[in-house]
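1. need a 3D model of the sequence below.
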Amino acid sequence: MRSLLILRHGEAGHSFSGDDHARTLTSHGEQQARQVGSWLRDSGLVPDATICSDAMRTRQTCIWVNEQLGEKAPTAYLDDRLYLAAPRQVLSVINETPETVQSLLVVAHMPGVQEVSMELASVYSEEDPVIRMAGSWPTAGVAHLQFDKPWAELDGRDARLVAFQVPGS
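-> Numbers count the residues shown, from 1 in each chain. Below is the predicted model:
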């Protein structure tokens, strides 16, 4: 069974220069990312690989998550296609994952993270996490989906949502 972890970046500050791509995490966002890393570690969900948007706030989220994962943390692969990507673009990036990877963490942005997760969640998903995920996706929210097909064939309604974790909840 493969695991797909889809994470929205931690809380970011405002851009006074107008450069959204360069926005950084707030101290609260750093704390959120650490909490996600602790949850992943404590749940035994340390990913084999991480794909991260190249925006500053997602890169910083990866740094703080990985700090909690320790030595087992994979080096994040930065992919500019994830920056403010539509759900089909996010899925396209996921579909390129090598078959040797059993667990993938994707760190990206709203609304793409929510929309692709809803698109992938099958009818066999846990009801409560689906309802919470559909209602709102706070910063540093992470969806955990499981499936048993190749990454390249992941398309829609073919992954079981087993958890939706939000720091502090």
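
2. for residue 10, grab the count of nearby residues.
-> Per other CB atoms under 10 Å, the neighbour tally for residue 10 reads 28. Yep, even glycine has a C-beta here, placed from its N, CA and C like the rest.

3. let me fix that: residue 122
-> 15.

4. would you confirm that it contacts residue 155?
-> No: using CB atoms under 8 Å, residue 122 is not in contact with residue 155, being 11.0 Å away.

5. end to end on stretch 95-111, go ahead and measure it.
-> For stretch 95-111, the first-to-last residue distance is 19 Å (CA to CA, to the nearest Å).

6. give me the contact list for that stretch.
-> 2-9, 40, 45-53, 55, 58, 61-62, 65, 74, 76, 82-85, 87, 90, 93-94, 113, 137, 150-154 (CB atoms under 8 Å, 6 or more residues apart in numbering).

7. just the buried residues of it, please?
-> 97, 101, 103, 104, 105, 106, 107, 108, 109 (16 or more other CB atoms under 10 Å).

8. now the end-to-end length of stretch 44-53.
-> End residues of stretch 44-53 are separated by 24 Å (CA to CA).

9. oh sorry, the question was meant for stretch 37-49
-> 14 Å.

10. so for that stretch, what gets flagged as buried?
-> In stretch 37-49, counting by 16+ other CB under 10 Å, buried: 37, 39, 40, 41, 45, 46, 47, 48, 49.

11. mind listing the helices for this structure?
-> Applying DSSP state H to the chain gives helices spanning 27-42, 56-69, 87-95, 112-120, 127-135.

12. any idea how far the longest one is from the chain center?
-> What that stands for is helix 27-42. 12 Å (CA atoms, centre = their mean, to the nearest Å).

13. who touches it?
-> 5, 7, 9-13, 25, 45-47, 57, 60-70, 105, 139-140, 142, 165, 167-168.

14. which of those residues count as buried?
-> By 16+ other CB under 10 Å, the contacts of helix 27-42 give 5, 7, 9-12, 25, 45-47, 57, 60-66, 68-69, 105, 139-140, 142, 165, 167 as buried.

15. contacting residues around the nearest residue to residue 78 once chain neighbours are set aside?
-> The spatial neighbour of residue 78 that comes closest, neighbours along the chain excluded (CB to CB, 6 or more residues apart in numbering), is residue 54 at 4.4 Å. Under the criterion of CB under 8 Å, 6+ apart, the contact list for residue 54 reads 21, 78, 79, 80, 82, 83.
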